[in-house]
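In: I'll drop the sequence and a predicted model, then ask my questions.
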Amino acid sequence: MILLILICFIITVCVFLTNYFWKKKNKQNKHEQYDQEKNHVQMIPNEPLLTEPNIAIIITMYSADEERTKLYRENIIKWIETGFPIFSVDSNSDTDKINIKASNYFPFSFKQENIGKNSSILECDSIRNLVNQYPFLNSYDMIFKVTGKYFLPDFKHMSRFFPVDADLIVQNNTQTWGQNCEIFGAKHKILLDIINHELLRENKTLENIIYNFSKNSKYKVYRMPPLKPYKKVKRAFGDILEYL
C-alpha cells in the first residue's frame, strides 16, 4: 500500500514538473519568436549604469470607487518611496482624491468625457492632459507609463540596467496580436507619438500601437525581464497577471 502511494506521488510530481517546464519553455519560445520577427528587439543587458537613470513615472488612474482609490493611494505611496519623480493622472475626478504631499509627487485630476470606444483612447487622452499640465516632463531621458493598479518592487533595481540608447522599453509578457502595456517606457518625443498616433482614430489599442513601434527597426527597443506586482489584481476581464 505504501509502495503504491509512493509510486502515485512520484508520478504526480513528474507530471507537474513536465507541465511546468513545458509552459516555461513555451513562453520562452513565444518571446523568441516574437523578437526574432523584429530582430532588433533586445533583452535588457546585465551591465548596470554607472549613474542613476534620469526617468519619470506616470501613473494612470480611474478612481471608480473607494476600493480602487485606496489601491491607487497605496501603490502611489510605494512609488514615491522609490525616489523617482511620480506624476499621476486621475481621469474620473475634479479633485485630488489621493491627497498625498511629497516633493517628488505631481498629481493631476480631471473629469474625462466619454471620447472614445476603448480604454486606450481614454488613457492616451489622460496622458496628453498630464503632459500639458507638466511640460517639464520633456527634461527626462525616459518616461514610464504604469497602470495605477500596479506597484513593481523590483523596478527600482531594474532601472539601473536600462540602456541609455533605448527609445522604447516594453514589459516582458506579450501577445501574438499586440504588446502588453501595463508598463512601458519611452523617450518624451516617442511617448507623444504613441499617445497621438493615428491608429487611435481607427479604434486601435495601445497594445497595437506599441507593437507596431517595436517592429520598426529605426527604434532601439528593449524588453524587461518579468516583474512581479506587489499585489495580485484582477484585470478588466477578470484574469490576474502574475508577472508583467
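Out: Arrived safely, thanks for sending.
In: Kindly provide the distance from the nearest residue in space to residue 112 that is not next to it in sequence to residue 231.
Out: Spatial nearest neighbour of residue 112, excluding adjacent residues (Cβ to Cβ, 6 or more residues apart in numbering): residue 91 at 3.9 Å. Where you see a C-beta, it was placed from the backbone N, CA and C, and this is true even at glycine. Residue 91 sits 22 Å away from residue 231, going by Cβ to Cβ, to the nearest Å.
In: These two - which one has more neighbours?
Out: residue 91 (21 against 11; other Cβ atoms under 10 Å).
In: Quick check: pLDDT value at the residue nearest to residue 112.
Out: Listed pLDDT for residue 91 reads 92.
In: swap in residue 214?
Out: In this model, residue 214 carries a pLDDT of 88.
In: ok, now which ones touch it?
Out: Counting by Cβ atoms under 8 Å, 6 or more residues apart in numbering, residue 214 makes contact with 38, 41, 168, 170, 179, 221.
In: Does the residue nearest to residue 112 touch residue 110 like I think?
Out: Yes - contact criterion Cβ atoms under 8 Å: residue 91 and residue 110 qualify, at 6.3 Å.
In: shared neighbours, the two?
Out: With Cβ under 8 Å, 6+ apart, residue 91 and residue 110 have common neighbours residue 129.
In: what about the helices in this structure?
Out: In the chain, the helices defined using DSSP state H lie at 2-36, 66-81, 119-133, 155-158, 188-195, 206-215.
In: mind checking how far the residue sitting nearest the centre point of the chain is from residue 78?
Out: With distances taken as Cα atoms, centre = their mean, residue 183 lies nearest the centre of the chain, 1.0 Å away. Distance, residue 183 to residue 78, using Cβ to Cβ: 14 Å.
In: about what we covered before: looking at pLDDT only, which of the contacts of residue 214 scores worst?
Out: Ranked by pLDDT, the contacts of residue 214 bottom out at residue 38 (48).
In: quick revisit: among the contacts of residue 214, which one has the most neighbours?
Out: Of the contacts of residue 214, with other Cβ under 10 Å as the count, residue 179 tops at 26 neighbours.
In: Any stretches of the chain with poor pLDDT?
Out: 1-40, 115-117, 236-237 (pLDDT under 70).
In: List the buried residues of stretch 89-103.
Out: Of the residues in stretch 89-103, 89-93, 97-98 count as buried by neighbour count, 16 or more other Cβ atoms under 10 Å.
In: Please read the previous query as pertaining to stretch 231-244.
Out: So, applying 16+ other Cβ under 10 Å, buried residues of stretch 231-244: 233, 241, 244.
In: ok, for the first one, nearest residue in space, not its chain neighbours?
Out: By that I understand residue 233. Nearest to residue 233 is residue 149, by Cβ to Cβ, 6+ apart, at 4.6 Å.
In: Who are the contact partners of the one you found?
Out: Counting by Cβ under 8 Å, 6+ apart, residue 149 has contacts 71-72, 75, 182, 233.
In: now do residue 184
Out: Contacts for residue 184 (Cβ under 8 Å, 6+ apart) come out as 144-145, 168-171, 210.
In: In strands, which of the residues you listed fall?
Out: Judged by DSSP state E, the contacts of residue 184 include 144-145, 168-170 as members of strands.
In: Save the residues you listed as JSON lines, and put in distance to residue 194 too.
Out: Output for the ones in strands among the contacts of residue 184, formatted as JSON lines (distance: Cβ to Cβ, whole Å):
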{"residue": "144", "distance to residue 194": "12"}
{"residue": "145", "distance to residue 194": "9"}
{"residue": "168", "distance to residue 194": "9"}
{"residue": "169", "distance to residue 194": "13"}
{"residue": "170", "distance to residue 194": "11"}
